[in-house]
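Participant: this one's sequence-less:
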Ligand code: NAD
Ligand code: DAU
């Protein structure tokens, strides 16, 4: 079996569902169930013996080692993290605790477990670390996309904490020989994404008749990847990634934020038209995110060349599926917009009156 951390979050739950749709190899899924973790995402697995959920904190090294020794996985796939840049600006401490100290605790537990393996169990073991393109910092309009050798230059507490975790993973390969593989991926979107991130937030606000907040001038560029494509890349990295290597993962799809939001509004106008005209009328420019990176772009040619992975979905196909998913899962959206969500919206947007 494999050992997954953060498998009740957005990407982790997509990964668990995709994995068990394609394989009978079991999963132990360790997740703290922070505000971002949600077992409803995994409701279709209730009663499925292949999925064992354990509520746990990756900072608890002793508990992690006990779980590893109990379940004896052939691999660890590490998604658990605090993942939202805006939250890292308001409260960086949790990001250091989970992303840095938690990854360290997990590496230590993995090292102790792996040291006890022999033969093929030892040589076949993998620690796959899921990271982000944000560790590379920001690009100018004419700069080449990030490659695996681009120097790290993280600019937010979130990206700095992810960069620190990447460095620890690298060090555990070089120092101890732990067979690690790191993936650095661009912006994901798709089912089960918590509505604090741009695409699900805009969907939720659009349908609720609320402003669609665009930070700054909306000219920031992100590369967008449909989440199931990311999950496939992680599976390939686990199957065939070379220990010690890093693979950038991206959709070859750079877009300005304002164009992403307009595209969403266009699709909503088609599939859920409302009286009074286009959803685009709700677009509202608000004060910028502090330290906002201007442009990310990912060169994903290494993973295509070495592991044969490339995205299947285009932005056009992926965003249509995503819009339809959110329309079909309004109950899920309503459930996650709990009291804690409302206080986050108040904290992040109260002093961002529209321009
Ligand atoms: P998410 O915030 O939706 O989910 C994170 C999950 O980790 C949640 O289920 C949460 O409960 C769990 N968690 C948090 N702290 C924990 C702890 N201390 N112990 C155990 N579990 C804990 O995040 P996501 O968007 O699914 O991102 C998953 C991973 O992918 C992260 O490492 C993130 O940095 C990386 N990533 C995300 C994106 C993206 O666009 N979302 C892109 C590239 C990389
Ligand atoms: O690049 C990969 C990263 O993508 C991941 O590592 C992070 O975990 C993930 O959260 C995401 O980070 P971003 O900061 O790019 O995602 P977010 O959805 O928060 O914002 C996307 C862009 O939209 C960004 O330029 C900020 C902008 N934005 C965001 C929100 C929430 C707005 O203009 N308005 C908003 O209300």
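Facilitator: The structure has been received and is ready for your questions. Bear in mind the structure is a predicted one, so any value in this text is a computation, not a measurement. Ligands and ions are numbered 1, 2, ... in the order given.
Participant: where do the helices sit along this protein?
Facilitator: With DSSP state H as the criterion, the chain has helices at 10-22, 61-71, 85-90, 93-95, 103-115, 119-124, 157-176, 198-208, 227-240, 257-271, 301-307, 315-328, 330-336, 339-349.
Participant: adding distance to residue 282 and mean neighbour count, write the ones you listed out as TSV.
Facilitator: Where C-beta positions appear, they are placed from N, C-alpha and C, glycine not excepted. As requested, these are exported to TSV (distance: least, CB to CB, whole Å; neighbours: other CB atoms under 10 Å):
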stretch	distance to residue 282	mean neighbour count
helix 10-22	24	21
helix 61-71	45	17
helix 85-90	20	18
helix 93-95	31	17
helix 103-115	39	21
helix 119-124	52	10
helix 157-176	27	20
helix 198-208	6	21
helix 227-240	25	21
helix 257-271	8	18
helix 301-307	38	17
helix 315-328	15	17
helix 330-336	17	14
helix 339-349	14	14
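Participant: now render the ones you listed as TSV, adding mean pLDDT and distance to residue 78.
Facilitator: Shown next, in TSV, are those (pLDDT from 0 to 100; distance: least, CB to CB, whole Å):
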stretch	mean pLDDT	distance to residue 78
helix 10-22	98	10
helix 61-71	98	11
helix 85-90	98	18
helix 93-95	98	15
helix 103-115	99	6
helix 119-124	98	17
helix 157-176	99	8
helix 198-208	98	23
helix 227-240	98	10
helix 257-271	98	28
helix 301-307	98	18
helix 315-328	98	25
helix 330-336	93	23
helix 339-349	85	25
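Participant: any chance of these in JSON lines, plus distance to ligand 1?
Facilitator: Formatted as JSON lines, the helices of the chain follow (distance: least, CB to the nearest ligand atom, whole Å):
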{"stretch": "helix 10-22", "distance to ligand 1": "3"}
{"stretch": "helix 61-71", "distance to ligand 1": "9"}
{"stretch": "helix 85-90", "distance to ligand 1": "9"}
{"stretch": "helix 93-95", "distance to ligand 1": "8"}
{"stretch": "helix 103-115", "distance to ligand 1": "9"}
{"stretch": "helix 119-124", "distance to ligand 1": "24"}
{"stretch": "helix 157-176", "distance to ligand 1": "5"}
{"stretch": "helix 198-208", "distance to ligand 1": "10"}
{"stretch": "helix 227-240", "distance to ligand 1": "7"}
{"stretch": "helix 257-271", "distance to ligand 1": "13"}
{"stretch": "helix 301-307", "distance to ligand 1": "14"}
{"stretch": "helix 315-328", "distance to ligand 1": "13"}
{"stretch": "helix 330-336", "distance to ligand 1": "11"}
{"stretch": "helix 339-349", "distance to ligand 1": "12"}
